[in-house]
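A.B. asks: Have a look; sequence and predicted model below, questions after that.
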Amino acid sequence: MAGIIKRLFSKKNKRDISPSVSSNNTLLRDAEATVLKRDAHTVSRQKISKNALKVLYRLNEAGYQAYLVGGGVRDILLGLQPKDFDVATDATPEQIQAVFRNCRLIGRRFRLAHILFGREVIEVATFRAGHESSEGSGKKQNKPKNELSRTSDQGMLVRDNVYGSIVEDAFRRDFTVNALYYTVKDYSVLDYTGGLDDLAERKIRLIGDPEERYREDPVRILRAIRLACKLNLSIEPSTAKPIKQLSELLTHVSSARLWDECNKMLLAGHAEATWDQLFREGVSQYLFPQTVQALAAKDDQAKAFQQFVSAALKNTDKRIANQQPVTPAFLFAVILWKPVQELTEKLIAKGKPPYEASQKAASQVMEKQRMITAIPKRFSLVAKEIWGLQHRLSNRRKKSVYSLIAHARFRAAYDFLYLRAGKDPELSELAKWWTDYQDAGPEAQQNMLNLVDNKPRKKRKRKPANKKRTTTKKQTKNVPPKKL
């Protein structure tokens, strides 16, 4: 890797590009690209999706500029295999749609073209410009400026459809390491923002003023943390400094976007590191306030809960590394477990029956979380089922065991029990019993069930009969009939 980085900055591999940008911004007007020729970098067509290459070539053939950009270029330069491939072009969304019959236009806040190749989707975006230069690129804008670009009272971009040149697009991107462009015309890599230097130093750096960029889109706070953990990079000091102060802006972001970002953070194979950094940066209180409150107690229960969450995050990372399936339903069930328990106890104390209290607590806790991160019902219902099965797992009678084993959520509920057992002797014994039962053969399973069934059951205490009602009946018998 060190040899590659040295070659990246060799003078013979660089040439200057003076971009033609009619903008008042001196930075853009004087911007020059660092260009790495074909033999000076590791980006190869063999590492790029065939469908992404089709999009690049067809846009070029139609007379448009087209570049592979963002995570695809970044990851290949870091020696990783990208999962997604994004394309940037000077063609407008409507022009892209005219080139590809398999194109679908999406988004209002940020207009994009999706080129569909079966299950693979290649995302194509038109070069963006700064809002002050909607006329600067010379590209025809069919709508008034205020319809193309709009910000909220907090400075957050609610619409960003001002088109521009490749230079303007580079400076409108979030991080320098995401503003690297690869072209199939001469197979070179272009860098306008110093992304290659930051990759060499393994740093995440925002382009422009960090506070302004976070205000434009607070989700960049989450992306900075996610990329730092995913790529094992450090967040550059000026980029990290405003995070704690501006994290509150996440409350103005739609719950659907926050759900999408939480999924990316927790299901990318680096959940434990990401979770820890969210807490260190003070961001977690705006994503999981109920969980943060439950952990703030600093007692033995809170410590056990923290260990449970850490074990679940480690297990998730391990499963992803082993290419085993994972579901956000399980992780959210773990993260919200203690808040559900605490609310259940409060409702029981108010006189609610235990089962009714647990059901109501589960619904209320989940609904509060859904208002922040819009958890789809297909996941929230599964999480509730996992919670509901925890009590049933303590019943090891034959009929109950057969019913549980056949339940669609049994395996998830068992994994949940196994992880939350921790150092608790009673839960550990229960988890071990279920582990042994699953590993045993039919005859051994039957013996285990017989041992449980032969144990004497605790006799329920019957409530005393209502004496008042009994007395009334006797009195009724002895009362003489009324005279008519």
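C.D. replies: Nice, thanks for sending it over.
A.B. asks: What is the burial count for residue 195?
C.D. replies: 27 (other C-beta atoms under 10 Å). Every residue, glycine included, has its C-beta placed from N, CA and C.
A.B. asks: Contacts only, for it.
C.D. replies: By C-beta atoms under 8 Å, 6 or more residues apart in numbering, the contact set of residue 195 is 74, 175, 176, 177, 178, 179, 180.
A.B. asks: again with residue 48
C.D. replies: Residue 48 touches 68, 72, 76, 85, counting by C-beta under 8 Å, 6+ apart.
A.B. asks: same deal with residue 53?
C.D. replies: Per C-beta under 8 Å, 6+ apart, neighbours of residue 53: 45, 184.
A.B. asks: For residue 242, which non-adjacent residue is closest in space?
C.D. replies: residue 211 (4.7 Å; C-beta to C-beta, 6 or more residues apart in numbering).
A.B. asks: Check the contact between that neighbour and residue 246; I expect there is one.
C.D. replies: Yes: with contact defined as C-beta atoms under 8 Å, residue 211 reaches residue 246; the gap is 6.7 Å.
A.B. asks: who has more neighbours, the two?
C.D. replies: Neighbour tally, residue 211 and residue 246, criterion other C-beta under 10 Å: the higher count belongs to residue 246, 18 against 15.
A.B. asks: ok, and the closest non-adjacent residue to that one?
C.D. replies: Spatial nearest neighbour of residue 246, chain neighbours left out: residue 214 (4.7 Å); criterion: C-beta to C-beta, 6+ apart.
A.B. asks: Could you do residue 34 as well?
C.D. replies: residue 191 (4.4 Å).
A.B. asks: Could you identify the most distant pair in the contacts of residue 48?
C.D. replies: Greatest spatial distance among these (C-beta to C-beta): 76 and 85, at 10.0 Å.
A.B. asks: The two: who's more crowded?
C.D. replies: Neighbours per residue (other C-beta under 10 Å) separate residue 76 from residue 85, with residue 85 holding more: 25 against 22.
A.B. asks: Enumerate every residue touching the more buried one.
C.D. replies: 48, 49, 51, 52, 68, 72, 122.
A.B. asks: Angles on the backbone of the nearest residue to residue 203 once chain neighbours are set aside, please.
C.D. replies: Excluding the flanking residues, the one nearest residue 203 by C-beta to C-beta, 6+ apart is residue 236, at 4.7 Å. Reported as degrees, to the nearest 10, the phi and psi values for residue 236 are phi -60, psi 140.
A.B. asks: Wait, residue 236 touches residue 198, no?
C.D. replies: Yes: counting by C-beta under 8 Å, a contact exists between residue 236 and residue 198, whose distance comes to 7.4 Å.
A.B. asks: what touches both of the two?
C.D. replies: The overlap between the contact sets of residue 236 and residue 198 (C-beta under 8 Å, 6+ apart) consists of 204, 205.
A.B. asks: show me what contacts residue 313?
C.D. replies: By C-beta under 8 Å, 6+ apart, the residues touching residue 313 are 266, 271, 272, 275, 331.
A.B. asks: 6 Å instead?
C.D. replies: By C-beta atoms under 6 Å, 6 or more residues apart in numbering, the residues touching residue 313 are 271, 272, 275.
A.B. asks: what about the nearest residue to the first one once chain neighbours are set aside, distance to residue 292?
C.D. replies: It stands for residue 271. Leaving aside its sequence neighbours, residue 271 sits nearest to residue 313 (C-beta to C-beta, 6+ apart; 4.3 Å). Separation of residue 313 from residue 292 (C-beta to C-beta, to the nearest Å) stands at 15 Å.
A.B. asks: And for residue 380?
C.D. replies: Counting by C-beta to C-beta - residue 380 and residue 292 are separated by 20 Å.
A.B. asks: next one: residue 320
C.D. replies: 25 Å.
A.B. asks: One more: residue 443?
C.D. replies: 49 Å.
A.B. asks: cool, and residue 379?
C.D. replies: In terms of C-beta to C-beta, residue 379 sits 21 Å off from residue 292.
A.B. asks: Counting neighbours, go ahead and name the busier of these two.
C.D. replies: residue 379 (20 against 16).
A.B. asks: Give the helix, strand or coil label for that one.
C.D. replies: helix (DSSP: H, G, I helix; E, B strand; the rest coil).
A.B. asks: Break the protein into its domains for me.
C.D. replies: As assigned by automatic domain parsing, the chain contains the domains 2-201, 284-453.
A.B. asks: Could I get these in TSV, plus columns for distance to residue 258?
C.D. replies: Output for the domains of the chain, formatted as TSV (distance: least, C-beta to C-beta, whole Å):
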stretch	distance to residue 258
domain 2-201	13
domain 284-453	5
